[in-house]
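In: No letters, just coordinates:
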């Protein structure tokens with residue numbers, strides 16, 4: 001991780017998570033919708049939104065971690081969240 005985590009808007013990510021789980025296709029590994037996969041842990045308190053190159057994990061009290069290799073991948077992920085939030 002580097003200094004780009006501040007680009008993540010947790011409230012927006014949670015809105016997108018709801019969209020993915022309501023409009024997406026439910027599969028064994030989670031809900032799939034427009035390039036994102038949404039899953040939760042067993043108790044539902046931790047949610048994960050992932051693309052092929054980025055995983056955003058949101059914990060209780062809106063704490064989060066972002067796993068990615070390149071800043072460009074994170075930028076694409078943030079743009080995808082924004083696009084899905086507006087659609």
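Out: In hand now; what should we look at? All of these numbers come straight from a predicted model, not from anything done at the bench.

In: Poorly predicted segments of this protein, please.
Out: Scanning the chain for pLDDT under 70 picks out 1-6.

In: Which stretches in it count as helices?
Out: Ranges of helices in the chain, per DSSP state H, are 10-23, 71-86.

In: My guess is residue 60 contacts residue 44. True?
Out: No. Residue 60 is beyond contact range of residue 44, at 10.1 Å (criterion: Cβ atoms under 8 Å). C-beta coordinates here come from the backbone N, C-alpha and C atoms, glycine included.

In: Report the beta-bridge partners for the residue nearest the centre of the chain.
Out: Geometric centre of the chain, nearest residue: residue 49, 2.7 Å, by Cα atoms, centre = their mean. Per DSSP bridges, the residues bridged to residue 49 are residue 38, residue 56.

In: and it, how far is that from residue 56?
Out: Note on residue 49: its distance to residue 56, by Cβ to Cβ, to the nearest Å, is 5 Å.

In: Likewise for residue 43?
Out: Noted for residue 43: a distance of 18 Å to residue 56, by Cβ to Cβ.

In: So if I had to pick from these two, which one is more boxed in?
Out: residue 56 (25 against 7; other Cβ atoms under 10 Å).

In: isn't that one right next to residue 8, touching?
Out: Yes. Contact criterion Cβ under 8 Å: residue 56 and residue 8 qualify, at 6.5 Å.

In: who touches both of those two?
Out: Each of 64, 66 lies in contact with both residue 56 and residue 8 under the rule Cβ atoms under 8 Å, 6 or more residues apart in numbering.

In: how about TSV for the helices of the chain, with mean neighbour count added?
Out: Listed next are the helices of the chain as TSV, based on neighbours: other Cβ atoms under 10 Å:
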stretch	mean neighbour count
helix 10-23	16
helix 71-86	16
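
In: Could you dump these into TSV with distance to residue 31 added?
Out: TSV is the format used below for these (distance: least, Cβ to Cβ, whole Å):
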stretch	distance to residue 31
helix 10-23	5
helix 71-86	13
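
In: just so I know, which of the ones you listed lies nearest residue 37?
Out: Residue 37 sits nearest to helix 10-23 of all the helices of the chain, at 7.7 Å, using Cβ to Cβ.
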